[in-house]
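K.L.:
build me a model:
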Amino acid sequence: MALTHARAVWLMVGATLMWGTAGVVTRHLESARSFEVTFWRSAFTVLALLVILPAWRGRAVLRTLRGGGVALWLSGLCWSVMFTAFMVALTLTSTANVLVTMAVGPLFTALAARLFIGHRLPLRTWGAIVVAGLGIGWMYATKLGQGELAGTLVALCVPLALACNWTVVQHAHAQGRDIDLVPAVLIGASLSALATLPLAWPLHATVHDLGLLAFLGVFQLAIPSMLAMVCARVLKAPEVALLALLEVIFGIALAWIGAGEIPAPSVLIGGVLVVGALVANEWLGWRAGR
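P.N.:
As a prediction, the model looks like this:
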């Protein structure tokens, strides 16, 4: 069945809804904490991808792991940082803090493009960077007094790794070598599981926890990541960027409704500034493109 634009939009909305379940599910864990949460989520993601990828792309996709070159593994390393930092941050601070901090990823990517590749940024993007920076700065200033700065700083590793990943992909493309992001995600999940296992030992997850962590690995990460890559073939980059922001709204709402995690006023103010700046930037860019 051909993927139309409308179907791609709804699939992307579904993917962001699945991404947004991380916070509320994590809050219902019984014994698993910190690095153990990251290990099990990444391990279940690897198992899911080892089933999904051959069924979707054929067994040849796994052979690209050996011939992908240094760039593929650098991209996988960036993915592993994102996977690890995201879950560790969720165990240290609120869902809203993590998601709002992650939302600046597109702006960090734009800065990386300017610094390392020489892309010129339009005035609207510089304005969005300033406004989003004010929002993040406001959040960090309030968290400094509340002792929650560590979790927010860990969450900041996610957009930084995203910007590094984009730079690696673009540099490889400029040299005539396109990176297949599908096996890069598998590499990232594998590296994340291997790196966090020693830090998570001894394991304390209950059967209840393992069920929730399996849900995170399969339905919160593996499946929506694949759906987003499929949708990106049909949707334009600004559309994907705007729809991806729904994860912030879904994630905060689900954690609020399902776990009673009420976001602090400072986070809401910072979130409005960050998300508003991103929406304005992408919308203006879409209009200019038309």
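K.L.:
which residues in the stretch 1-150 of the chain form helices?
P.N.:
5-19, 22-26, 34-57, 60-67, 69-92, 95-102, 105-112, 123-146, 149-174 (DSSP state H, counting those that start in this stretch).
K.L.:
the longest one: what's the following helix or strand?
P.N.:
Which is helix 149-174. helix 181-200 (DSSP states H and E).
K.L.:
against which helices or strands is that following helix packed?
P.N.:
With contacts taken as 3 or more CB pairs under 8 Å, 6 or more residues apart in numbering; DSSP states H and E, helix 181-200 sits against helix 34-57, helix 60-67, helix 69-92, helix 223-231. C-betas here are computed from N, CA, C, even on glycine.
K.L.:
mind telling me which of these the model trusts least?
P.N.:
Mean pLDDT per stretch puts helix 60-67 lowest among those, at a mean of 70.
K.L.:
tell me where the stretch 101-250 of the chain is predicted with low confidence.
P.N.:
117-119, 121, 139-148, 237-238 (pLDDT under 70).
K.L.:
follow-up on the earlier one: can the helices and strands packed on helix 181-200 go into TSV with extra columns for distance to Gly285 and mean neighbour count?
P.N.:
Formatted as TSV, the helices and strands packed on helix 181-200 follow (distance: least, CB to CB, whole Å; neighbours: other CB atoms under 10 Å):
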stretch	distance to Gly285	mean neighbour count
helix 34-57	31	21
helix 60-67	32	12
helix 69-92	24	22
helix 223-231	19	20
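K.L.:
make TSV from these and add distance to Leu246 to it.
P.N.:
Supplementary listing: the helices and strands packed on helix 181-200 in TSV, determined by distance: least, CB to CB, whole Å:
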stretch	distance to Leu246
helix 34-57	21
helix 60-67	28
helix 69-92	17
helix 223-231	12
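K.L.:
how about these, which one is nearest Leu3?
P.N.:
helix 223-231 (6.8 Å; CB to CB).
K.L.:
who's in contact with stretch 224-243?
P.N.:
3-5, 8-9, 11-16, 18-19, 52, 56, 106, 181-182, 185, 244, 278-279, 282-283, 285-286, 289 (CB atoms under 8 Å, 6 or more residues apart in numbering).
K.L.:
quick revisit: and of the helices and strands packed on helix 181-200, who's closest to Gly270?
P.N.:
Across these, closest to Gly270 is helix 69-92 (CB to CB), at 15.4 Å.
K.L.:
how about that closest one as CSV, C-alpha atoms only?
P.N.:
C-alpha atoms of helix 69-92 as CSV (Å, rounded to 0.1, in the frame of the first residue of the first chain):
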residue,chain,number,x,y,z
GLY,A,69,32.9,2.3,7.4
VAL,A,70,33.9,4.6,10.2
ALA,A,71,31.1,7.1,9.6
LEU,A,72,28.4,4.5,10.2
TRP,A,73,29.9,3.6,13.5
LEU,A,74,30.4,7.2,14.5
SER,A,75,26.7,7.7,13.8
GLY,A,76,25.9,4.6,15.9
LEU,A,77,28.0,6.1,18.7
CYS,A,78,25.9,9.3,18.6
TRP,A,79,22.7,7.2,18.7
SER,A,80,24.0,5.4,21.7
VAL,A,81,24.7,8.6,23.6
MET,A,82,21.2,9.8,22.8
PHE,A,83,19.6,6.5,24.0
THR,A,84,21.7,6.4,27.2
ALA,A,85,21.4,10.1,28.1
PHE,A,86,17.7,10.2,27.6
MET,A,87,16.9,7.3,30.0
VAL,A,88,19.4,8.3,32.6
ALA,A,89,18.0,11.9,32.6
LEU,A,90,14.5,10.6,33.1
THR,A,91,15.6,8.9,36.3
LEU,A,92,17.2,12.1,37.5
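K.L.:
how much does it deviate in direction from helix 105-112?
P.N.:
140 degrees (axes from the mean of the first three to the mean of the last three CA atoms, to 10 degrees).
K.L.:
thank you, goodbye.
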